[in-house]
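*Asks:* model the structure of this input:
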Amino acid sequence: MGKCSINMIGHVRGVVSRCTETGVVVDVSGVGYVISTIGGHRYSVDDEVFFYTHSHIVEQAFDLYGFETTDQLWLFRLLLSISGVGPKMALNILNLGSAKEITDAIAAGDVAYLTAVSGVGKRTAERVVVELRDKVGGIDANSASPVGQRLSDVVDALISMGYSSAQAREVVRHLDHAEKNVEDLIRDALAAVTGR
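*Replies:* Have a look, this model is predicted:
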């Protein structure tokens with residue numbers, strides 16, 4: 001069996017029981033999930049955490065990658081679509097900065113920014129820029145903006161229900177969000193997804 005990426009586990013909420021070199025072990029009702037994450041050193045035992053997760057299977061190995069935001073998860077999956085970029089390299093790229101900083105660098109064609117990552121050569125960085133430059137627009141959700149925050153919450157809700165990040169973003173992009181609360185927006189989004 002080759003490698004494949006499937007969304008078997010959409011998110012994990014629990015308590016950090018142990019820290020590892022690449023992330024944390026999260027205890028969820030007595031089950032410990034080993035999760036590789038960005039900046040794993042920031043977490044301590046007994047921290048309550050919530051991660052949006054990406055499941056990655058290679059041969060007999062099943063790995064979970066966790067992200068605090070849907071933007072990080074979305075960018076991680078975009079990076080995995082590039083030939084030569086595996087999950088460890090994608091995670092290292094995400095350690096460069098916020099999702100916005102990284103997408104801004106890609107959009108600007110800043111190859112040097114990406115080659116700062118160990119293992120990312122000029123050729124790989126150029127491939128990332130060429131293939132992702134037109135895809136990194138995403139949702140322009142300013143976290144300080146009430147509207148942007150509501151839309152971000154709707155995306156998060158859809159992803160937690162099992163929809164892909166791309167599906168969620170596409171649906172939310174077309175919502176009429178004027179004077180609607182998050183609950184109403186989620187209802188509208190679900191209606192749009194199911195075609196009702």
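
*Asks:* so which helix or strand takes in Tyr52?
*Replies:* Taking DSSP states H and E as the criterion, Tyr52 maps to strand 48-58.

*Asks:* which strands and helices sit next to that strand?
*Replies:* The elements that strand 48-58 packs onto, with contact taken as 3 or more Cβ pairs under 8 Å, 6 or more residues apart in numbering; DSSP states H and E, are strand 4-6, strand 11-19, strand 23-28, strand 31-37, strand 61-67, helix 70-80, helix 146-160. (Glycine included, C-beta is placed from N, CA and C.)

*Asks:* the residue sitting nearest the centre point of the chain: what's it in contact with?
*Replies:* Centroid-nearest residue in the chain, with Cα atoms, centre = their mean: Leu73, separated by 0.6 Å. Counting by Cβ atoms under 8 Å, 6 or more residues apart in numbering, Leu73 makes contact with Tyr52, Thr53, His54, Phe67, Ile159, Ser165.

*Asks:* ok, and the most crowded of those?
*Replies:* Using other Cβ atoms under 10 Å as the neighbour test, the contacts of Leu73 are led by His54, with 27 neighbours.

*Asks:* could you check the pLDDT of the nearest residue to Asp156 once chain neighbours are set aside?
*Replies:* Leaving aside its chain neighbours, Asp156 sits nearest to Thr70 (5.5 Å; criterion: Cβ to Cβ, 6 or more residues apart in numbering). Note for Thr70: predicted pLDDT of 86.

*Asks:* and for Gln149?
*Replies:* 62.

*Asks:* ok, now Leu79?
*Replies:* pLDDT, read off for Leu79, is 93.

*Asks:* can you say which of the helices and strands packed on strand 48-58 is packed in most?
*Replies:* Ranked by mean neighbour count, the helices and strands packed on strand 48-58 are led by helix 70-80 with a mean of 23 (mean count of other Cβ atoms under 10 Å).

*Asks:* how much does that helix deviate in direction from strand 11-19?
*Replies:* Angle, helix 70-80 to strand 11-19, by axes from the mean of the first three to the mean of the last three Cα atoms, to 10 degrees: 80 degrees.

*Asks:* okay, the following helix or strand past helix 70-80 in PDB with CA atoms only?
*Replies:* Of the helices and strands lying after helix 70-80 in sequence (DSSP H and E), the nearest is helix 87-94. Taking C-alpha atoms only, helix 87-94 is exported to PDB below (Å, rounded to 0.1, in the frame of the first residue of the first chain):
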ATOM      1  CA  PRO A  87       4.300  16.000   6.000                       C
ATOM      2  CA  LYS A  88       7.500  16.600   7.900                       C
ATOM      3  CA  MET A  89       8.700  19.200   5.400                       C
ATOM      4  CA  ALA A  90       5.300  20.800   5.300                       C
ATOM      5  CA  LEU A  91       5.200  21.000   9.100                       C
ATOM      6  CA  ASN A  92       8.700  22.600   9.100                       C
ATOM      7  CA  ILE A  93       7.500  25.200   6.600                       C
ATOM      8  CA  LEU A  94       4.600  26.000   8.800                       C
END
